[in-house]
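**Q** Compute the structure for the input listed below.
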Amino acid sequence: MSAGQSISISELQQFVENCLTSVGLNTESAHESAQALATTDAMGVFTHGSKLLAGYLKKLQGGGYVVNAVPRVEREGPSWGIVDGQSALGQVASLFSIRLAMQKARETGVAYVGLRNSGHIGAAGYFAAMAAREGFIATVTGNDMPSVAAPGSRGAVLGSNPLAYAIPVADGDPILLDIATAAVAGGKVYAAIQRGEEIPPTWLIGPDGKPTTDGSLYPRETSLAPMAGHKGYGFGLWCEILSAVLPGGHMTNQVGSWMFDAPSLPSWHNASFTVMDIGVMADPVEFQQRLKQLIDEIHAAPTADGVESVLLPGEREWNNYRRAQSVGIGLPADVIENLRRASELTGIAFP
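**A** Predicted coordinates:
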């Protein structure tokens, strides 16, 4: 396969699944993790889809991520739980945690589950959307090793901590927001550098604490800029507290690099999953009526020249997904290169 060609969602998912089972992951975990990565690609979020596979495989082969790990509940109450991911693949630990949160919220209305000692979780929004399709409002956060500056700092203070939410929509796709609390996800910087594209002046902070467009300095001498200045910094700190401080996980510089550390080392990532069961807290029919009124108001908002309609968070990505179901996914060159590396690591032929 080369850039410009398309691959079906099912073909991509099967390749990812075969790679994961070849290194010892059980069939169910491999299938669900592959579904998460392929779905993310189909939505057009190529930084957090199958591009991650080669790095995950190295960790699984090296023992940093444990192929037969079973996440366990360390402590819990009726509406909360703390999960030790046992250094499982992040998708495995996250699916365990979001399901635990949904189970508890069905009884109490609202539930929080903190996940510590996990692998890199990939696209946080995938798990939020999964909960939304089962009738929950969901928020997912994560933490990572520091790569993002704080306002006024000359170096990284927090990770590019993800924040996602999803809201169920009757007879439609969930409203879905999935963002890095940096001005841009680190993966997008890497992708732009690999493609030889110019780095915008709002993405990186140089070693002097000022913006820079020199992509060659990333990541050793630069940090990502926080999203919207102090606002992104504040949300990034919130993610750190919910994901790591509260459940007792590794914080900031204690978190490892799943890409650059030795494959034998865990990465000690953490996450949080907070869900609200609409059916417990409100009349679901009335909730959807009110939500539809809000959605219709937003869609009817006057638009600038050349803009057909104001979109809700996630609409563009769901449109990408529907298109991919029909015509396949056109993977960027950098994703294809990483999939070839996965093929070399496993001996599984890439389509």
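**Q** mean confidence score for the longest helix along the chain?
**A** In the chain, taking DSSP state H as the definition, the longest helix is helix 90-108. Averaging pLDDT along helix 90-108 yields 98.
**Q** State the next helix or strand along the chain beyond that helix.
**A** As assigned by DSSP states H and E, the chain's next helix or strand after helix 90-108 is strand 110-118.
**Q** tell me the contacts of Val310?
**A** By C-beta atoms under 8 Å, 6 or more residues apart in numbering, the contact set of Val310 is 298-299, 301, 303. All C-beta atoms are positioned from the backbone trio N, CA, C, and that covers glycine.
**Q** picking up where we left off before, please give the centre-to-centre distance between the longest helix of the chain and its chain.
**A** 16 Å (C-alpha atoms, centre = their mean, to the nearest Å).
**Q** counting contacts, what elements does that helix pack onto?
**A** In terms of contacts (3 or more C-beta pairs under 8 Å, 6 or more residues apart in numbering; DSSP states H and E), helix 90-108 is packed against helix 27-42, strand 80-84, strand 110-118, helix 124-132, strand 136-142, strand 269-277, helix 278-281.
**Q** so can I have a markdown table of the ones you listed showing mean neighbour count and distance to Ala101?
**A** Output for the helices and strands packed on helix 90-108, formatted as a markdown table (neighbours: other C-beta atoms under 10 Å; distance: least, C-beta to C-beta, whole Å):
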| stretch | mean neighbour count | distance to Ala101 |
| --- | --- | --- |
| helix 27-42 | 21 | 16 |
| strand 80-84 | 22 | 7 |
| strand 110-118 | 25 | 4 |
| helix 124-132 | 27 | 7 |
| strand 136-142 | 27 | 8 |
| strand 269-277 | 27 | 4 |
| helix 278-281 | 16 | 13 |
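**Q** where does the stretch 51-200 of the chain have low pLDDT?
**A** Scanning the stretch 51-200 of the chain for pLDDT under 70 picks out nothing.
**Q** give me that answer again for 80
**A** The stretch 51-200 of the chain contains residues with pLDDT under 80 at 185-187.
**Q** Which parts of the chain are helices?
**A** Along the chain, counting by DSSP H, helices occupy 9-22, 27-42, 53-62, 90-108, 124-132, 186-194, 230-240, 278-281, 284-299, 315-327, 333-346.
**Q** Would you mind saying which of the ones you listed lies nearest Leu176?
**A** Across the helices of the chain, Leu176 has its closest neighbour in helix 124-132 (5.2 Å, C-beta to C-beta).
**Q** Only the C-alpha atoms, please, for the closest one, written as PDB.
**A** Below are the C-alpha coordinates for helix 124-132, written out as PDB (Å, rounded to 0.1, in the frame of the first residue of the first chain):
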ATOM      1  CA  ALA A 124      -9.500   9.300  24.900                       C
ATOM      2  CA  GLY A 125     -12.600  10.200  22.900                       C
ATOM      3  CA  TYR A 126     -13.100   6.600  21.700                       C
ATOM      4  CA  PHE A 127     -13.900   5.500  25.300                       C
ATOM      5  CA  ALA A 128     -16.200   8.500  25.900                       C
ATOM      6  CA  ALA A 129     -18.100   7.800  22.700                       C
ATOM      7  CA  MET A 130     -18.400   4.200  23.600                       C
ATOM      8  CA  ALA A 131     -20.200   5.200  26.900                       C
ATOM      9  CA  ALA A 132     -22.300   7.700  25.100                       C
END
